[in-house]
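1. Requesting a structural model of the entry that follows:
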Amino acid sequence: MEWSDAFDGSRNEITEYEVLEGLRPFKKLTSLKIVYYKGKKFPRWVGDPLFVSLTQLMLCGCRRCTCLPTLGHLPSLQKLFVKSMNELKRVGFEFLGPSNSCSGTAFPSLEVLGLRNMKGLEEWSTSCANKIRAFPCLRDISIINCPKLDVVIIDLIPSLQVLHLEQCSVAVLRSTVCASSSILRLTMENIKGLTMLHGEVLKYLGAVVQLDILEFDELMYLWESEIEACNILVNLQKLVIRGCENLVSLGEKDVHLKDNMEYIREVEIEGCPRLESYNCPNSIEKLEMYNCPSVTSLSFPTMHNLPSTLIKLYILACDNLQISWLFKNHLSSLESLGIARMSNF
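-> Model (predicted):
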């Protein structure tokens, strides 16, 4: 169901509500998309638990809506996306539904939840007087471009495995990572106010396998202590750092990362113009480094004179990197090598 994206005087919100009310679909509907609806609220049928086959729901561009419908009763809903609802300021317990409903579990089948371009959203809370069990299957949350969202109060989500946060506040990061200790992939992009990953965030990331840190202007270090990071990130296998213009080093203290982060296999570093050096961890298999003009040295582990584990190495536009590192390290394990735009090569 899609209206025009022109929200002008030719449209009447009461009329559009009545039209949407009358367009109630059949009960075996499996997917529903409502786009550019002008009404301030949704009809009661949106979220009706009688839609037992509905697995995917998108509400997009409904800019005048001030509240979400109660959707927690939908028994089969697996994917929910809410986008560009500028007048929505709060998502509260009414989103889940009353505690005396159905099985007493809200969103019993939901696996993927996405909030994007919610420029007026200030609060997301699942807290209420009567505890409602919610999101037992939720494994993937993305919160993108919600610049005013500062209050996030959610209960534990043990099933959460993928978390993507972009263009939101550091308060959102702190509140969401503590909802689960089973996060396997964490992507953070342009988080306002984040200067480094402090222990209060790191302590929840022990299960993380892939960590993506993208487009940060304020980061000078990823974390305060490399030793602390290594002791917590024991399952980390892939690290991606991109567009961190002021990044100087991974850790502010304890520059011995290569001796401690034993499980990391892949590292990608791109667009970090102030980074000066990088020490590869013991188990490194793939290293990609692009557009890091201040890097002068790379070091690779030899692991007690055994050949390096490095299989793939790609270096591009790192103008100050001296080529001597290439000959001083045991790189006999290399299967693929790419070096380009290197003024010292």
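2. quick one, longest helix in this structure?
-> helix 13-22 (DSSP state H).
3. ranges for the helices of the stretch 151-300 of the chain?
-> Applying DSSP state H, counting those that start in this stretch to the stretch 151-300 of the chain gives helices spanning 170-177, 199-202, 226-232.
4. that older thread, contacts made by the longest helix of the chain with the rest, please.
-> With C-beta atoms under 8 Å, 6 or more residues apart in numbering as the contact definition, helix 13-22 has outside contacts at 1, 3, 34, 37-43, 45, 64. C-beta here means a position set from N, CA and C on the backbone, and glycine is covered the same way.
5. mind running it again at 10 Å?
-> 1, 3, 7, 12, 34, 36-46, 62, 64-65 (C-beta atoms under 10 Å, 6 or more residues apart in numbering).
6. Quick one: buried ones out of these?
-> 3, 34, 36-39, 41-43, 46, 62, 64-65 (16 or more other C-beta atoms under 10 Å).
7. From these, which land in strands?
-> I34 (DSSP state E).
8. ok, the residue lying closest to K119 once chain neighbours are set aside - how many residues close by?
-> If the residues on either side of it in the chain are set aside, K119 comes closest to N86, at 5.3 Å by C-beta to C-beta, 6 or more residues apart in numbering. For N86, the count of nearby residues is 15 (other C-beta atoms under 10 Å).
9. out of the helices of the stretch 151-300 of the chain, nearest to R242?
-> helix 170-177 (17.5 Å; C-beta to C-beta).
10. and the closest one, what does it pack onto?
-> strand 123-125, strand 140-144, strand 151-153, strand 162-166, strand 185-189, helix 199-202 (3 or more C-beta pairs under 10 Å, 6 or more residues apart in numbering; DSSP states H and E).
11. could you dump these to JSON lines with mean neighbour count, distance to L321 and mean pLDDT?
-> Output for those, formatted as JSON lines (neighbours: other C-beta atoms under 10 Å; distance: least, C-beta to C-beta, whole Å; pLDDT from 0 to 100):
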{"stretch": "strand 123-125", "mean neighbour count": "17", "distance to L321": "44", "mean pLDDT": "93"}
{"stretch": "strand 140-144", "mean neighbour count": "19", "distance to L321": "34", "mean pLDDT": "97"}
{"stretch": "strand 151-153", "mean neighbour count": "17", "distance to L321": "42", "mean pLDDT": "92"}
{"stretch": "strand 162-166", "mean neighbour count": "19", "distance to L321": "31", "mean pLDDT": "98"}
{"stretch": "strand 185-189", "mean neighbour count": "20", "distance to L321": "27", "mean pLDDT": "98"}
{"stretch": "helix 199-202", "mean neighbour count": "16", "distance to L321": "30", "mean pLDDT": "91"}
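12. Can I get these in CSV including distance to E266?
-> Converted to CSV, these look like this (distance: least, C-beta to C-beta, whole Å):
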stretch, distance to E266
strand 123-125, 33
strand 140-144, 21
strand 151-153, 31
strand 162-166, 18
strand 185-189, 13
helix 199-202, 20
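13. could you dump the helices of the stretch 151-300 of the chain to CSV with distance to L20?
-> Shown next, in CSV, are the helices of the stretch 151-300 of the chain (distance: least, C-beta to C-beta, whole Å):
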stretch, distance to L20
helix 170-177, 31
helix 199-202, 42
helix 226-232, 49
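14. Relative to I144, which of the ones you listed is closest?
-> helix 170-177 (10.7 Å).
15. quick one: that closest one to strand 162-166, angle?
-> 170 degrees (axes from the mean of the first three to the mean of the last three C-alpha atoms, to 10 degrees).
16. Pop the domain breakdown of the protein in here.
-> 1-155, 195-345 (automatic domain parsing).
17. could those domains go into JSON lines alongside distance to C168?
-> Formatted as JSON lines, the domains of the chain follow (distance: least, C-beta to C-beta, whole Å):
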{"stretch": "domain 1-155", "distance to C168": "5"}
{"stretch": "domain 195-345", "distance to C168": "13"}
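18. wait, which of those domains is closest to M188?
-> Comparing the domains of the chain by C-beta to C-beta, domain 195-345 comes nearest, at 5.6 Å.
19. Any idea how far that closest one is from the middle of the chain?
-> 21 Å (C-alpha atoms, centre = their mean, to the nearest Å).
20. what does stretch 113-124 give?
-> 14 Å.
21. Compare the helices of the stretch 151-300 of the chain and report which one is nearest to V240.
-> Comparing these by C-beta to C-beta, helix 226-232 comes nearest, at 15.4 Å.
22. Would you mind extracting the C-alpha trace of that closest one into PDB?
-> In PDB, the C-alpha atoms belonging to helix 226-232 read as follows (Å, rounded to 0.1, in the frame of the first residue of the first chain):
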ATOM      1  CA  GLU A 226      45.100  -3.200  24.400                       C
ATOM      2  CA  ILE A 227      45.700  -5.800  27.100                       C
ATOM      3  CA  GLU A 228      42.200  -5.300  28.400                       C
ATOM      4  CA  ALA A 229      40.800  -5.500  24.800                       C
ATOM      5  CA  CYS A 230      42.700  -8.700  24.200                       C
ATOM      6  CA  ASN A 231      41.500 -10.300  27.400                       C
ATOM      7  CA  ILE A 232      37.900  -9.600  26.400                       C
END
